[in-house]
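Enquirer: okay, predicted coordinates and the sequence, questions at the end:
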Amino acid sequence: MAHAVVVGAGIGGLAAAVALRRRGWDVTVFERAPSLEPVGSGLAIAANALKALDTIGVGDGIRRLSAIQGEAGVRRADGRWLVKTTEEAASAEYGDSVVVLRRAELIDALQARLAPGTVRLGTTVKRVDPDSGRVTIEAGGAPIEVAADLVVAADGIHSPTRAALFPGHPGPRYSGVTAWRLFIPGGGVPGRNFESWGDGKVFGVMPLADGVAYCYATDTVPAGGGGGDQRAELLRLFGRWHAPIPELLAAASPENVLRNDVFHLPTPLPAMHRGRVALLGDAAHAMTPNMGQGACQAIEDAVVLAHVAGEGAGLAGYTTARLERTSTIVARSASICRATRLRNPLAVRLRDTAMALAWRLAPGRVTGVMDEVLGWTPPVAPTTPAT
C-alpha cells in the first residue's frame with residue numbers, strides 16, 4: 001500500500017488525509033502542535049467546498065451545522081445595503097449556499113474520518129526530500145527518517161517546506177489590513193448576515209446554528225500592533241456604525257477577541273509540487289479573507305490531489321488543475337481587499353455608488369462574479385473503501 005505523509009493537521013491537511021485514505025493510501029499526519037485545538041474562530045464553507053466535502057463523506061454532516069443565512073450582502077457603515085442576495089438565490093444557482101460554523105467543528109468532522117493513530121501530535125517535520133520522499137521528523141528525541149511515496153505540505157502560510165522547495169520565491173506579504181474575530185453568545189439572529197464597509201474598515205456578522213454570532217472586522221493599519229483591550233479598540237473603531245454592531249460589541253467578552261495581521265501570497269508559485277511533494281492550502285496560495293475562499297480552496301486542493309495521485313499520473317496534473325485557479329482567486333481576493341482599504345472620502349463614496357448602481361441595474365451580474373468560483377465541481381472517480 002502506498003504511503004502518504006501529510007505535514008500539518010489543519011483543515012487542508014486533514015481533508016487531504018481523508019481523501020487519500022478513501023483512495024486506498026496509508027496516511028500519516030505529522031502536526032507539531034501538542035493538541036488539535038483550532039484557533040477559536042468561525043468559518044464559511046461555500047458551495048464549491050461543500051461539493052468537495054461530499055466526495056469524502058463529510059458534506060452532509062457539515063450542512064447539518066448550518067444556521068439559516070437569510071439575506072446577505074454588503075452594507076455601508078450607516079446600514080444602507082449596497083449589494084444584497086438571499087440564501088434561496090444562491091442555493092438555486094449553485095446547489096448550496098454557505099455553511100457558517102466553528103473551525104473546530106470542521107476539524108472534528110475531518111478527524112473523525114481518520115483511523116486512530118493517523119495524526120501524530122507534537123511531531124515537527126525538520127526536512128523533506130522531494131526526490132526520495134523521505135521525511136525527517138523530531139518528536140522529543142533524535143531525528144527519525146520516514147519514507148513516503150507522497151508528501152503533502154499543508155504547513156501553513158509560513159511553510160518551511162515551501163521555502164525549502166522554492167527558495168527564490170518572495171513568500172508572504174502583509175496585505176495592509178489587520179483582522180479581529182470573535183464569537184458573541186446570543187447575537188446570532190437568523191437572517192442577520194452581512195458585511196459592512198466604511199473608510200478603510202470592514203465589519204461582518206454571521207449567525208451560527210446555536211444562536212451565537214461570529215463577527216469579524218478589519219482595519220487598514222500597520223502590521224505588528226495589538227496589545228491591550230481589543231474589544232475596546234473595536235468599540236472605538238465601530239461603535240458608531242449601524243445596529244446591531246455596537247450592541248454586539250458591547251455584549252462581547254474582551255478575552256474572546258482574536259487579533260492578527262493578514263498576510264497573503266501575491267506572487268504565485270512556479271508550481272504546486274516538486275518531485276514527490278505537493279503544496280496545499282495556505283502553504284501554496286494563502287489569500288486574504290475577502291472572498292471567504294481560504295479554507296474552501298484548501299479543501300478543493302485536497303480532493304483534487306487525492307484524485308490525481310490515485311490515477312498514478314504524477315503530481316504535474318495537480319499543478320495543472322490547481323495553480324491557475326487558485327492564483328486567480330488570490331488576485332481577486334486581494335483586489336477586493338484593496339477596495340476595502342480606501343479611506344479617502346471621495347474614493348469611498350465613488351466605490352459605494354458604483355457597487356450600489358451595478359447591483360440595481362444588473363443584480364445577477366454582480367453576484368455572477370462568483371460563478372467561476374462557486375460553480376466548480378470536483379473530479380469524480382471510484383473510491384476504495386477505508387479499512
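Expert: Cool, got the structure.

Enquirer: my read: residue 22 touches residue 306, true?
Expert: Yes: using C-beta atoms under 8 Å as the test, residue 22 is close enough to residue 306 to be in contact (7.1 Å). For every residue, glycine as well, the C-beta is placed using N, CA and C.

Enquirer: out of the two, which sits in the more crowded spot?
Expert: Set residue 22 next to residue 306 and count neighbours by other C-beta atoms under 10 Å: residue 306 wins out with 32 against 20.

Enquirer: quick one, what contacts the more buried one?
Expert: Counting by C-beta atoms under 8 Å, 6 or more residues apart in numbering, residue 306 touches 16, 19-20, 22-23, 25.

Enquirer: that one looks like it's in a helix, true?
Expert: Yes: assessed with DSSP: H, G, I helix; E, B strand; the rest coil, residue 306 lies in a helix.

Enquirer: ok, it to residue 20 distance?
Expert: Residue 306 sits at a distance of 5 Å from residue 20 (criterion: C-beta to C-beta, to the nearest Å).

Enquirer: quick one: contacts for residue 294?
Expert: 281-282, 286-287.

Enquirer: same thing with residue 261?
Expert: 174, 177-179, 223-224.

Enquirer: so what's it bridging to?
Expert: Residues in a beta bridge with residue 261, per DSSP bridges, are residue 178.

Enquirer: hmm, what's the outermost residue in the protein?
Expert: residue 142 (34.5 Å; C-alpha atoms, centre = their mean).

Enquirer: for the residue nearest to residue 126 when sequence neighbours are not counted, list the residues it contacts.
Expert: Leaving aside its sequence neighbours, residue 126 sits nearest to residue 136 (C-beta to C-beta, 6 or more residues apart in numbering; 4.6 Å). Residues near residue 136 by C-beta under 8 Å, 6+ apart: 125-128, 143-146.

Enquirer: how about those in CSV, adding pLDDT, distance to residue 89 and neighbour count?
Expert: CSV is the format used below for the contacts of residue 136 (pLDDT from 0 to 100; distance: C-beta to C-beta, whole Å; neighbours: other C-beta atoms under 10 Å):
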residue, pLDDT, distance to residue 89, neighbour count
125, 97, 44, 22
126, 96, 50, 12
127, 97, 50, 14
128, 98, 45, 25
143, 93, 55, 11
144, 95, 53, 12
145, 96, 53, 12
146, 97, 49, 17
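
Enquirer: which ones among those map onto strands?
Expert: Judged by DSSP state E, the contacts of residue 136 include 125-128, 144-146 as members of strands.

Enquirer: so who does the closest residue to residue 78 other than its chain neighbours touch?
Expert: The shortest distance from residue 78 to any non-neighbouring residue, by C-beta to C-beta, 6+ apart, is to residue 242 (5.5 Å). Residue 242 makes contact with 75-79, 196 under the criterion C-beta under 8 Å, 6+ apart.

Enquirer: and residue 242, its phi and psi?
Expert: Main-chain torsions, residue 242, degrees, to the nearest 10: phi -70, psi 160.

Enquirer: give me the low-pLDDT residue ranges for the stretch 51-200 of the chain?
Expert: 68-70, 87, 90, 190-191 (pLDDT under 70).

Enquirer: where along the stretch 201-350 of the chain do the helices fall?
Expert: 230-238, 245-251, 282-285, 294-311, 316-340, 345-361 (DSSP state H, counting those that start in this stretch).

Enquirer: of the contacts of residue 242, which is the most crowded?
Expert: Going by other C-beta under 10 Å, residue 196 tops those with 24 neighbours.

Enquirer: who are the contact partners of the closest residue to that one other than its chain neighbours?
Expert: Once flanking residues are discounted, residue 196 sits nearest to residue 75: 4.4 Å by C-beta to C-beta, 6+ apart. Applying C-beta under 8 Å, 6+ apart to residue 75 gives the contacts 81-82, 194-197, 242.

Enquirer: show me which of these are buried.
Expert: Taking 16 or more other C-beta atoms under 10 Å as the criterion, what is buried in those is 82, 194-197, 242.

Enquirer: tell me the one of these nearest residue 56?
Expert: Proximity of these to residue 56 (C-beta to C-beta) peaks at residue 195, which lies at 29.4 Å.

Enquirer: ok so that closest one is a strand residue?
Expert: Yes: assigned with three-state DSSP, residue 195 falls within a strand.

Enquirer: gap between the residue nearest to it when sequence neighbours are not counted and residue 289?
Expert: Nearest non-adjacent residue to residue 195, counting by C-beta to C-beta, 6+ apart: residue 204, 4.1 Å away. Using C-beta to C-beta, one gets 9 Å for the distance from residue 204 to residue 289.

Enquirer: same check, this time on residue 166
Expert: Residue 166 is 24 Å from residue 289, by C-beta to C-beta.

Enquirer: who's more crowded, those two?
Expert: A count of neighbours by other C-beta under 10 Å puts residue 289 above the other of residue 166 and residue 289, at 22 against 16.

Enquirer: state the pLDDT value of that one.
Expert: On pLDDT, residue 289 comes in at 96.

Enquirer: which residues touch it?
Expert: Neighbour list for residue 289: 179, 216, 262, 333 [criterion: C-beta under 8 Å, 6+ apart].

Enquirer: my read is that the first one contacts residue 263, right?
Expert: I take that to be residue 179. No: look at residue 179 against residue 263 with C-beta under 8 Å: they stay out of range, at 10.6 Å.

Enquirer: for the contacts of residue 294, which one is nearest residue 267?
Expert: The closest of these to residue 267 turns out to be residue 286 (C-beta to C-beta; 11.1 Å).
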